[in-house]
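Novice: the following block contains a protein sequence and its predicted model.
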Amino acid sequence: MSRLTVRKAVIPAAGLGTRFLPATKASPKEMLPLVDKPLIQYTVEEAVASGIEDIIIITGRGKRAIEDHFDRSVELEENLKGSGKSQVLHQIRQISHLANFCYVRQSEALGLGHAVLCAQHLIGDEPFAVILGDEIIDAEVPALAQLISVYKKRQKAVLGVQDIPKQDVSRYGIVSPKYVSKGLHRVQDMVEKPSSADAPSTLAVIGRYILPPEIFPILRKTAPGKNGEIQLTDALKTLAKKSAMFAHEIKGQRHDAGDKLGFLIATVEFALKNPSLGADFKEYLLSRANTISTDRRK
């Protein structure tokens, strides 16, 4: 297989979802509904729209609902068929045909680096994508497709980044960039969650990566960091010293759906864009805003 072709994507989904407790006590965070689809389906659809054929989902205990979602449900299909709900039936059938799905269990939550390492035997000697499912990016050109385009030209690791407010840098991995061209930078180093005073830039890594298979031996040698976890950022720092690595500023509206407020904002934005709900929902929001404004004036 050509090293220029990115066919496989890894979606880590073994986390405990503690920021959404108690909702995620028995249900995977990745299955939280964003209007009418679970979060992870948006991620899968972005990958497929970017040319990905094989989706490797790293799961853990209590994540069976993810597998069930992307599998066929014969009983449901027969029920919809008998009820004459052909449009919904088509949508349901399409879910299981989106891509080739494979699931790997991560026995312990040992970090993002360990989750990626769990997929090594399925990736082989190919470049691959990593997508974090709680980063939802609404873009005309899929975010992952933007990175793949850069990879085809540069044939090196590519990280998706966005410029963020300086006061937010302590929440992200921040790259130390060297300008290459508009929206493209050479990664000289990376700093995980720096203070605003220590941040080398305001370009934050936002959960989209194209990585070469050379990352795997580096991950195996990466010592566990905080909480005994193997950090992908530590391995990327090592890779950047051995080979060129690029950061591409992704064009699109990013939503941090792993955060309660971010999830609510994403829900509003996607509901407003929904063809069947948007107009009525907008009318409701306007009436609600008017009510709040009136109450404040009293």
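Specialist: Structure's in. What do you need? Numbering: from 1, shown residues only.

Novice: what bits of the chain have low per-residue confidence?
Specialist: 1-3, 295-298 (pLDDT under 70).

Novice: for the residue positioned nearest the centre of it, which residues are in contact?
Specialist: Note on the chain: the residue nearest the mean C-alpha position is Leu132, at 2.7 Å, using C-alpha atoms, centre = their mean. Neighbouring residues of Leu132 by C-beta atoms under 8 Å, 6 or more residues apart in numbering: Ile11, Pro12, Thr43, Leu112, Gly207, Arg208, Gly258. (Each C-beta comes from the backbone N, C-alpha and C, glycine too.)

Novice: swap the cut-off to 7 Å and go again
Specialist: For Leu132, the contact set (C-beta atoms under 7 Å, 6 or more residues apart in numbering) comprises Pro12, Gly207.

Novice: begin at 880 from here
Specialist: Got it, the first residue is 880 from now on, which makes the last one we talked about Leu1011.

Novice: how near is it to Gln999?
Specialist: Using C-beta to C-beta, to the nearest Å, we find Leu1011 at a distance of 18 Å from Gln999.

Novice: got it, and Ala1008?
Specialist: 15 Å.

Novice: higher neighbour count, those two?
Specialist: More neighbours surround Ala1008 than the other of Ala1008 and Gln999, with 27 against 17 (other C-beta atoms under 10 Å).

Novice: quick one: residues contacting the more buried one.
Specialist: Counting by C-beta under 7 Å, 6+ apart, Ala1008 touches Val885, Ala888, Val889, Ala926, Ile931, Leu1023, Tyr1088, Ile1089.

Novice: ok, those residues vs Val1059, which is closest?
Specialist: Within these, the smallest distance to Val1059 is 15.8 Å, found for Ile1089 (C-beta to C-beta).

Novice: what helix or strand does the closest one sit in?
Specialist: Taking DSSP states H and E as the criterion, Ile1089 maps to strand 1082-1090.

Novice: tell me the helix or strand right after that strand.
Specialist: Next in line after strand 1082-1090, if elements are assigned by DSSP H and E, sits helix 1094-1100.

Novice: what's in contact with that following helix?
Specialist: Gly992, Val995, Leu996, Gln999, Ile1109, Ala1114, Thr1117, Leu1118.

Novice: one more time with 10 Å, if that's ok
Specialist: Outside helix 1094-1100, the residues that touch it by C-beta atoms under 10 Å, 6 or more residues apart in numbering are 990-993, 995-996, 998-1000, 1002-1004, 1006-1007, 1009, 1036, 1088, 1090, 1101, 1109-1111, 1113-1118, 1121-1122.

Novice: can you dump the C-alpha atoms of it in PDB for me?
Specialist: The C-alpha trace of helix 1094-1100 is given here as PDB (Å, rounded to 0.1, in the frame of the first residue of the first chain):
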ATOM      1  CA  ILE A1094       5.100   6.700  15.800                       C
ATOM      2  CA  PHE A1095       4.500   3.200  17.200                       C
ATOM      3  CA  PRO A1096       8.100   2.300  18.300                       C
ATOM      4  CA  ILE A1097       8.300   5.700  19.800                       C
ATOM      5  CA  LEU A1098       5.100   5.200  21.800                       C
ATOM      6  CA  ARG A1099       6.400   1.800  23.000                       C
ATOM      7  CA  LYS A1100       9.500   3.600  24.500                       C
END
